[in-house]
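Please find the sequence and the predicted model below.
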Amino acid sequence: MAIRTLDDAAVDGDAVGVRVDINSPLDESGGLADDARLHAHVETLTELANRGARVAVLAHQGRPGGDEFGRLEPHAERLDELLDAPVDYCDATFSAEARAAVEALDPGEVVVLENTRFYSEEYMEFDPERAAETFLVDGLASVLDAYVNDAFAAAHRSQPSLVGFPARLPAYAGRVMEQELDVLGGIDETPEPRAYVVGGAKVPDSVTVAQHALESGLGDVVLTTGVVANVFLLAAGHDLGEASADFVRQQGYWEEIDRAADLLDRYGDRIRVPTDVAVERDGHRHVLALDEFPPASDEAVMDIGPDTVETYVAELASAGTVVLNGPAGVFEDETFADGTRDLFAGVAAADAYSIVGGGDTASAIRRFDLTGFDHVSTGGGAALRLLTGEELAAVRALDQ
Ligand SMILES: Nc1ncnc2c1ncn2[C@@H]1O[C@H](COP(=O)(O)OP(=O)(O)OP(=O)(O)O)[C@@H](O)[C@H]1O
Ligand SMILES: O=C(O)[C@H](O)COP(=O)(O)O
């Protein structure tokens, strides 16, 4: 694979479109609840500005219809604080106003364009050739001289701003992309046995990762937590009660139960599910063992229990490599933070080579002030897919 980096780029005076992933947890007021991903891109944006580039930042925030879907003005304001270069914001992405904002840039200046996902085609998946003809790519390519993709965390999405520009402009990997590919692209060289701890709420991505890890043999064991564990518990025939079943349905994940059941049939001896969980009862955390199921109809499973943490940490003690993605529970609520805090602390303390991925996962690590992981990736689903040997769409598009 021949991917050019910023070492190969001459950018002085050029207008450079830089796709970053600054998709971040938001607080109740819509501001940034965590800015780790913005910090991650400071190196690339600073290098380009210092080398005289005129920098147009492309990024997404959240998903259409989602709670964290919003404008990038807070991100632009924070980047203006983090960078020495002046950072402006334009509430347009590829319109005449956006093109004018790019053309008005002087060398060393930065403008953050509006959330790419405000535009319908951006949330669709295309092959690179078709993506190159979308209104977003076509609209911006005319005012850009080069494209840099630093958005490793979104690199598994074959969406226009991630795969469409290399067909139109000289394209390079940013420093985050370069570093993540160096570390995560070599999972088959990490110590064995490898344990994948798969949690969080992005169930389809995680089931895909579990399937790849088990089928390829890259993963020796998959330990499930979070909503992923709830789906596998349902697949194993456990009655999680009405509230958790409704949640899985509302998220559109009911079909994932069949995929999980298939994996249990084929690899059941290499998949772990919780032996106890936590629900809210009378306003407090209440732990239920599997033999006490089902929870009451209004009691959603919100965390893994202490026995599960103990069992998982004990198994990880013999791993050569641990890959961790996704919180174990609704860690944002202190009532349900124990599973994530205690399991993550166990991974950090283990002797294994530990690779952690995921925006919310990294946010939890910071919240609990945990150190001792060998690599904390900016990517969630992207990191996991690369770690199971899957090629990432945006990386393939950069390979010119
Ligand atoms: N049992 C549960 N029920 C509901 N939500 C849960 C549960 N366990 C974890 N979550 C939620 O999962 C979310 C994080 O899942 P996600 O898969 O997005 O993590 P991530 O991979 O680290 O983040 P990202 O993919 O955005 O980089 C958290 O907001 C957390 O509240
Ligand atoms: O946070 C992430 O995992 C990336 O920004 C990708 O977001 P998406 O899952 O909404 O495409």
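Done, it's in. Numbering: from 1, shown residues only. Ligands and ions are numbered 1, 2, ... in the order given.

Run a quick neighbour tally on the residue in the stretch 301-400 of the chain that ligand 1 sits nearest to.
Going by C-beta to the nearest ligand atom, ligand 1 is nearest to residue 358 of the stretch 301-400 of the chain, at 2.2 Å. Quick note: C-beta positions are derived from backbone N, CA and C, even for glycine. Residue 358: 26 surrounding residues under other C-beta atoms under 10 Å.

Buried ones in the helix or strand hosting residue 79, by neighbour count?
When elements are assigned from DSSP states H and E, residue 79 belongs to helix 73-82. Neighbour counts over helix 73-82 (16 or more other C-beta atoms under 10 Å) mark 73-76, 78-79 as buried.

Check stretch 112-131 too.
Going by neighbour count (16+ other C-beta under 10 Å), the buried part of stretch 112-131 is 112-119, 121-123, 126, 128, 130-131.

Around the closest residue to residue 219 other than its chain neighbours, count how many other residues there are.
With sequence-adjacent residues excluded and distances taken as C-beta to C-beta, 6 or more residues apart in numbering, residue 219 is closest to residue 213, at 2.9 Å. Using other C-beta under 10 Å, residue 213 is surrounded by 26 other residues.

Give me the mean pLDDT for the helix or strand hosting residue 213.
Element membership for residue 213 (DSSP H and E) is helix 203-216. Here helix 203-216 scores 91 as its mean pLDDT.

ok, then the element right after it?
strand 221-224.

Count the residues that sit near residue 310.
15.

circling back: nearest to ligand 2 among the buried residues of helix 73-82?
Closest to ligand 2, out of all of the buried residues of helix 73-82 and judged by C-beta to the nearest ligand atom, is residue 75, at 12.3 Å.

What sits closest to the closest one if chain neighbours are left out?
Per C-beta to C-beta, 6+ apart, closest to residue 75 is residue 22, 5.1 Å.

Distance check, the one you found against residue 99.
22 Å (C-beta to C-beta, to the nearest Å).

now for the helix or strand of the chain with the lowest mean pLDDT, which elements pack on it?
Taking mean pLDDT, DSSP states H and E as the measure, the chain has helix 381-387 as its least confident helix or strand, at a mean of 84. Identification of packing neighbours for helix 381-387 by 3 or more C-beta pairs under 8 Å, 6 or more residues apart in numbering; DSSP states H and E yields helix 175-184, strand 194-198, helix 203-216, strand 321-325, strand 353-357.

Whether that helix contacts ligand 1 - can you check?
Yes - Helix 381-387 reaches ligand 1 (C-beta under 6 Å from any ligand atom) through residue 381.

what's the distance between that helix and the middle of its chain?
8 Å (C-alpha atoms, centre = their mean, to the nearest Å).

what does stretch 226-241 give?
Here the centre of stretch 226-241 is set off from its chain's centre by 23 Å, with C-alpha atoms, centre = their mean.

Show me which parts of that stretch are buried, residue by residue.
Buried-residue list, stretch 226-241, by 16+ other C-beta under 10 Å: 226-235, 238, 240-241.

ok, now stretch 28-46?
Buried residues in stretch 28-46 (16+ other C-beta under 10 Å): 32, 34-38, 40-41, 44-46.

Tell me the one among those residues nearest to ligand 2.
Closest to ligand 2, out of all of the buried residues of stretch 28-46 and judged by C-beta to the nearest ligand atom, is residue 37, at 8.1 Å.

Briefly note if the helix or strand that closest one falls within comes near ligand 1.
Per DSSP H and E, residue 37 falls inside helix 36-40. No - applying C-beta under 6 Å from any ligand atom, one finds helix 36-40 separated from ligand 1 by no less than 8.8 Å.

Give me every residue in this protein lying close to ligand 1.
So far as C-beta under 6 Å from any ligand atom goes, the chain lies against ligand 1 at 200-202, 226-227, 230, 301-302, 325-327, 329-330, 332, 358-361, 380-381.

Those residues in helices, which ones?
Under the assignment DSSP state H, the residues of the chain next to ligand 1 contribute 226-227, 230, 359-361, 381 to helices.

With distance to ligand 2 as extra columns, can I get those in TSV?
Output for these, formatted as TSV (distance: C-beta to the nearest ligand atom, whole Å):
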residue	distance to ligand 2
226	14
227	14
230	19
359	4
360	8
361	10
381	5
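
what comes up buried for the helix holding residue 213?
So helix 203-216, judged by 16+ other C-beta under 10 Å, has buried residues 203-214.

Okay, strands next: where are they in the stretch 1-150 of the chain?
15-19, 54-58, 87-89, 110-112, 146-149 (DSSP state E, counting those that start in this stretch).

ok, now which ones touch residue 126?
134, 158-160, 163-164 (C-beta atoms under 8 Å, 6 or more residues apart in numbering).

picking up where we left off before, any part of the helix holding residue 213 near ligand 2?
No - counting by C-beta under 6 Å from any ligand atom, ligand 2 has no neighbours in helix 203-216; the shortest distance is 7.1 Å.

Tell me if stretch 341-356 is near ligand 2.
No - taking C-beta under 6 Å from any ligand atom as the criterion, stretch 341-356 and ligand 2 are apart, separated by no less than 13.4 Å.

how long is that stretch end to end?
Criterion C-alpha to C-alpha, to the nearest Å; first-to-last residue distance in stretch 341-356 is 14 Å.

what bits of this structure have low per-residue confidence?
Flagging of the chain using pLDDT under 70 yields the residue ranges 1.

Close to ligand 2: what parts of it are there?
21, 23, 63, 153-154, 157, 359, 380-381.

Which PyMOL command selects the buried ones in the residues you listed?
Applying 16+ other C-beta under 10 Å to the residues of the chain next to ligand 2, the buried members can be selected in PyMOL as follows:
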select buried, resi 21+23+153+154+157+359+380+381
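
Of the residues of the chain next to ligand 2, which is the nearest to residue 271?
residue 381 (19.0 Å; C-beta to C-beta).

Quick one: residues contacting the residue lying closest to that closest one once chain neighbours are set aside.
Excluding its sequence neighbours, the residue lying closest to residue 381 (C-beta to C-beta, 6+ apart) is residue 205, at 3.8 Å. Counting by C-beta under 8 Å, 6+ apart, residue 205 touches 156, 380-381, 384-385.
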